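Undergrad: I'll drop the sequence and a predicted model, then ask my questions.
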Amino acid sequence: MTSHRLDLENVDIRIDGQPLVALDATIGPGEVLTVMGPSGSGKSTLLSFLAGFLDSAFEARGRVALDGRDITVLPAEERGIGLLFQDPLLFPHLSVAGNLRFGMPRHTPDKSRRIAQALDDVGLEGFGDRDPATLSGGQKARVALMRLLLSEPRAVLLDEPFSKLDTHLRQEMRELVFDHLHQAGLPSLLVTHDRDDAAAAGGRLIELAD
Amino acid sequence: MLLRLTPALIVTLLVGPIVAGVGMVLLPAFGYLPALGGDALSLAPWRALFAQPGLAHSVAVSLTSGLVTTAVSLAIVLLFLAGTSGSRLDRWLRRLVSPLLSVPHAAAAFGLAFLIAPSGLVARLLSPGITGWERPPDWLIVQDPWGLSLMAGLIIKEIPFLLLMSLAALPQLEVPRRVAMARSLGYRPTLAWLKVVAPALYPLIRLPVYAVIAFASSVVDVAMILGPTLPPTLAVSILEWFNDPDLSHRFLASAGAVLQLGVTLAALAGWWGLECLARRLGRRWIDAGQRRRGEGCLRRIGKSAMLATTLAAGLGLIGLALYSVAGFWRFPDALPDTLTPQHWLGTLPSLGGPVSTTLIIAASATLLALLLALAALENEQRSGKYPAEGRLLSALSLLYLPLIVPQIAFLFGLVVLLESLEARARMALVIFGHLLFVLPYVFLSLAEAYRRFDPRWSQLARTLGRSPNATFWRIRLPMLLAPVLTAAAVGLAISIGQYLPTHLLGAGRITTVTTEAVSLASGANRRVIGVWALVQASLPLLGFVIAIGVPRLLWARRRGLQGAP
């Protein structure tokens, strides 16, 4: 597996001149950095900044580099950063396979075989033609994870991805997600307010103040 | 980038023609129109205008119809919403809003005329049993001199409009919580709604209300069908002067158009006075703290008035259908003796041309409006800049400009301007004219769904490596297909119903089902009118059938989009 590195250099986000979040960290290949904090502590603002969606009401300073390349001013689609949300957000007008295909880089060889393989990996063989609306919550979450991985990101942001799952599914999905991210050698940043998430991630933990 | 220019383009497109049109009405109104020999400013057009017999009466009818129509429609809508309890009747009435809104004004007006005329359906149903009439009474019910039937016809059409606008605004107000709070303080539900929801709702529907005032005080097609004739309303008089073969009447018509602007402004000012009065009385009523007095009465008024206007509209359409196939139909008989396809067969050969012209104009105007609205909304999403809503002087309120400046006042100056520029592409001009009125509705209809669309869908698509354009085409547009098609259906319905822009900008040479139907108003055979008005009423329904049907077919295997807005 290839290995990637995400550097956050003196990131400092302010609103109306008031400091909101400040972070300086390096996330190595396969490593998960967990950022914890209560709501309103700027967790999601930090993610928006890293992914490239920061609202113009905020001022951000600092540099984000992916494998040494400055991506701070790149548009979201050119950053190579993937996102996993609270909800699986499978596009309702595409089939399961269509959802997976949507994120794959244009010149990926053998798309259909890879899709079938990916579905196989998470125990969803033969689900390609299904309407995403007919899947269970856990199945949707697994498709969302596979869509993220097939899009071949070089770093991943996780926005409380387990908070809406049932308790018994939550542990299972944590293992699945972190295993895959680790195997793929992806640097990941997890924001959460659940201590168990941080424990399962197993990496460093940064706590944001109010 | 092109996208970034669309807001400016839209504003220019809407404001430019109106300013130019009003300007080209003002000049001839003061005697200046070199093409017709008016080289110097003078007050002669005004002297001629004030010398017109019955002018004061025309003005009075226009003014009162603007105020009365709006006050009655708004009162019925508010009382209905206050008293609605989720019963089957309520839901049924709400569901009829969109189809009723899509019925063109002219068709609804004909329907009402056929219903309440001395020999109409109502008189037939009541005769001779209740009334004892063996022949139609010699009463002037339709086209009465006070404009009462005109106002009734307008009320039938403005109620669905105000109801829909209110239903769109209500979700912002957290109605259940407000009402529950007031009920816990002992207020009966209807009074609770009127005292805690209505005052918050009104500011949100103020612009649509103003549009109703302006429309009702200056409408042409409905007034030609239901309005008084000797003299007609001011707007109809202006059109008659404008169409006069003696071109010098254009000066008179221009002065009249300026007067119409004044009348509409006066109606708006009068409404503003009523607003102040209502606010003061309303506050006293709220302060008085009655919790149940008058509750049942108000609720019943709201419900029965809503039922009556809905029934009138529905029965009117049934009346049109009945007349269009009626053979011999003796007076007090409720139903015709014989049915015949003869009127349809006779009209069929002349239907084709106007129907296809109508559809071409409607489709072109709607398509342009959709492109502009989508571009503006997409630009809004990408730039993250949203216009401030609710304020009276925001970019959004400019959208209402073509709906608030009386059509007759600026369209007709636009015609004078285009004539002097020797613009000949009549079809293009008519389409452009329709666009002025289609665009606001398409934009307003689409904006809500577009702005409510969860931004995470697009963010997700971007992080999966798709460009903003790909995100628009492959995610946003397919997922918003249903609201986009609904907006298109609204646009089609608005365009199909337009009379004045087609008539004036087409210089009478472009015939749509609407211009044809309206031109039959003066004295044509009721059975032929029935055919035309029914065709006119059914064309917009086609758009709504497509808007509902296509997403269902296309997304038949996608449950996630079935219940989508």
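TA: Looks like it arrived, so ask away.

Undergrad: contacts, neighbours, all on C-alpha from now
TA: Noted.

Undergrad: what's the closest non-adjacent residue to B:V68?
TA: B:M151 (7.3 Å; C-alpha to C-alpha, 6 or more residues apart in numbering or on different chains).

Undergrad: What are the buried residues along the strand or helix carrying that neighbour?
TA: In this assignment (DSSP states H and E), B:M151 forms part of helix B:148-169. For helix B:148-169, a neighbour-count test (16 or more other C-alpha atoms under 10 Å in any protein chain shown) marks B:148-166, B:169 as buried.

Undergrad: B:D337 - how many residues pack around it?
TA: 11 (other C-alpha atoms under 10 Å in any protein chain shown).

Undergrad: no, scratch that, I was asking about B:I238
TA: B:I238 is flanked by 26 other residues according to other C-alpha under 10 Å.

Undergrad: for B:A556, same thing?
TA: The burial count for B:A556: 11, using other C-alpha under 10 Å.

Undergrad: Write out the residues of chain A neighbouring chain B.
TA: A:51, A:53, A:55-56, A:76-83, A:89, A:91-94, A:102-105, A:131-134, A:148, A:151, A:153 (C-alpha under 8 Å from any C-alpha of the partner chain).

Undergrad: residue in chain B nearest to chain A?
TA: B:G465 (4.2 Å; C-alpha to the nearest C-alpha).

Undergrad: Tell me, how many residues neighbour the nearest residue to that residue once chain neighbours are set aside?
TA: Computed as C-alpha to C-alpha, 6+ apart, the closest residue to B:G465 that is not its neighbour in sequence is A:E77, at 4.2 Å. By other C-alpha under 10 Å, 20 other residues sit near A:E77.

Undergrad: State the phi and psi torsions of residue 85.
TA: No chain in the question, so chain A it is. phi -90, psi 170 (degrees, to the nearest 10).

Undergrad: for it, what are its contacts?
TA: A:F85 makes contact with A:158-161, according to C-alpha atoms under 8 Å, 6 or more residues apart in numbering or on different chains.

Undergrad: Is it possible to get JSON lines of these that adds secondary structure, pLDDT and neighbour count?
TA: As requested, the contacts of A:F85 are exported to JSON lines (DSSP: H, G, I helix; E, B strand; the rest coil; pLDDT from 0 to 100; neighbours: other C-alpha atoms under 10 Å in any protein chain shown):
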{"residue": "A:L158", "secondary structure": "strand", "pLDDT": "93", "neighbour count": "20"}
{"residue": "A:D159", "secondary structure": "strand", "pLDDT": "91", "neighbour count": "19"}
{"residue": "A:E160", "secondary structure": "coil", "pLDDT": "89", "neighbour count": "18"}
{"residue": "A:P161", "secondary structure": "coil", "pLDDT": "89", "neighbour count": "24"}
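
Undergrad: where does the residue of chain B closest to chain A land on pLDDT?
TA: Looking at B:G465, its pLDDT stands at 90.

Undergrad: Next: the one 3 residues further on.
TA: Confidence at B:P468, expressed as pLDDT, is 90.

Undergrad: by contact count, what packs against the one helix or strand B:L194 maps to?
TA: If you go by DSSP H and E, B:L194 is part of helix B:189-196. When contacts are defined as 3 or more C-alpha pairs under 8 Å, 6 or more residues apart in numbering or on different chains; DSSP states H and E, helix B:189-196 packs onto helix B:55-83, helix B:175-184, helix B:295-324.

Undergrad: Which other helices and strands does the last one contact?
TA: It refers to helix B:295-324. Checking 3+ C-alpha pairs under 8 Å, 6+ apart, helix B:295-324 ends up next to helix B:55-83, helix B:88-95, helix B:105-116, helix B:148-169, helix B:189-196, helix B:526-554.

Undergrad: winner for burial among those?
TA: For those, the largest average neighbour count (mean count of other C-alpha atoms under 10 Å in any protein chain shown) is found in helix B:105-116, namely a mean of 27.
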